[in-house]
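> 3D, please:
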Amino acid sequence: MSKSGKRIRAAREGIDTTKLYSLEEAIGLLKERSSTKFDETIEVAMNLGVDPRHADQMVRGVCALPNGSGRTLRVGVFARGAKADEARAAGADVVGAEDLFETVSGGTIEFDRCIATPDMMPIVGRLGKVLGPRGMMPNPKVGTVTMDVTAAVKAAKGGAVEFRVEKAGIVHAGIGKVSFEAPKLVENIKAFADAVAKAKPTGAKGTYVQRVAVSSSMGPGIKVDPNTVLGA
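A predicted model of the protein is given here:
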């Protein structure tokens, strides 16, 4: 605990908690202060001016990170016949129909992202209590309920990240690793922010993106000027 405390204090040293840093400055600070033995994940959090309790203020979508996320995702696909073969050929880790339903309903989930063809949704829908709390329920709005399973599997494997606003109006995601070159992290964050901006709901009023912060797995959160993250 002592070593952890010293590491956290060292990471926070020199960071002005009242200042809004440019995105480039913030990424540089996170990379400089990383001292763990593992490759930390870089995360971005955006406070939005929405109340997700209202249907017309829900924010949800998917972003294909231009430089990948640095994370190896296991992909599960609910499909039958030719579509099941297509999913396997695309690199899906787990493919099935009723057999996969039985496995998942029994509590064994061997994937991080779930994709389904539309005809499988009556079965997959019964897994809502299992997949829902884990954020894995397939949804056509984020491209995980689709007949184009090849594209969906390749997108997931290639670093596409899903996002969904939380009750407090915050949306966040892991967008890369500390080992990534700084320009690639900046590019990923800007792509994510652009996807969130494009997902602005009709019911959002006032300032949509209110605050932005970046952090690493074991590092401090750094406030970022939203104008350096969002496009013109």
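> after the lowest-mean-pLDDT helix or strand in the chain comes which helix or strand?
Using mean pLDDT, DSSP states H and E, helix 2-12 stands out as the lowest-scoring helix or strand of the chain, at a mean of 57. For helix 2-12, the succeeding helix or strand toward the C-terminus, using DSSP states H and E, is helix 23-33.
> tell me the mean pLDDT over that following helix?
Helix 23-33 comes out with an average pLDDT of 93.
> Kindly spell out which helices and strands sit in contact with it.
Contacts defined by 3 or more C-beta pairs under 8 Å, 6 or more residues apart in numbering; DSSP states H and E place helix 23-33 against helix 182-198, strand 209-216, strand 222-224. Bear in mind the C-beta positions are built from the backbone N, C-alpha and C, glycine included.
> residues of it that come out buried?
23, 26-31, 33 (16 or more other C-beta atoms under 10 Å).
> returning to that earlier point: need the winner for burial among the helices and strands packed on helix 23-33.
Ranked by mean neighbour count under mean count of other C-beta atoms under 10 Å, the helices and strands packed on helix 23-33 are led by strand 222-224, which reaches a mean of 23.
> what sits against the closest residue to residue 222 other than its chain neighbours?
Using C-beta to C-beta, 6 or more residues apart in numbering and skipping residues adjacent in sequence, the residue nearest residue 222 is residue 26, 4.4 Å away. Residue 26 makes contacts with 214, 222-224, as judged by C-beta atoms under 8 Å, 6 or more residues apart in numbering.
> neighbouring contacts of stretch 123-130?
Outside stretch 123-130, the residues touching it (C-beta under 8 Å, 6+ apart) are 78, 97-98, 101, 104-105, 107, 109, 114, 116, 131, 137-138.
> same question for the one helix or strand residue 89 maps to, mean pLDDT?
Element membership for residue 89 (DSSP H and E) is helix 81-90. Helix 81-90 shows a mean pLDDT of 97.
> Direction included, what does the helix or strand just after that helix pair against?
Next along the chain after helix 81-90, taking DSSP H and E as the criterion, comes strand 94-96. Strand pairing for strand 94-96, using DSSP bridges, gives strand 75-78 (parallel).
> roughly how far out does the partner strand sit from the chain middle?
Centroid separation between strand 75-78 and its chain, computed with C-alpha atoms, centre = their mean, to the nearest Å, is 18 Å.
> count of residues packed around residue 117?
Applying other C-beta atoms under 10 Å, we find 24 residues neighbouring residue 117.
> give the contact list for it.
Residues near residue 117 by C-beta under 8 Å, 6+ apart: 78-80, 83, 145-147, 149.
> Relative to residue 158, which of those is nearest.
For the contacts of residue 117, the closest approach to residue 158 (C-beta to C-beta) belongs to residue 149, at 14.3 Å.
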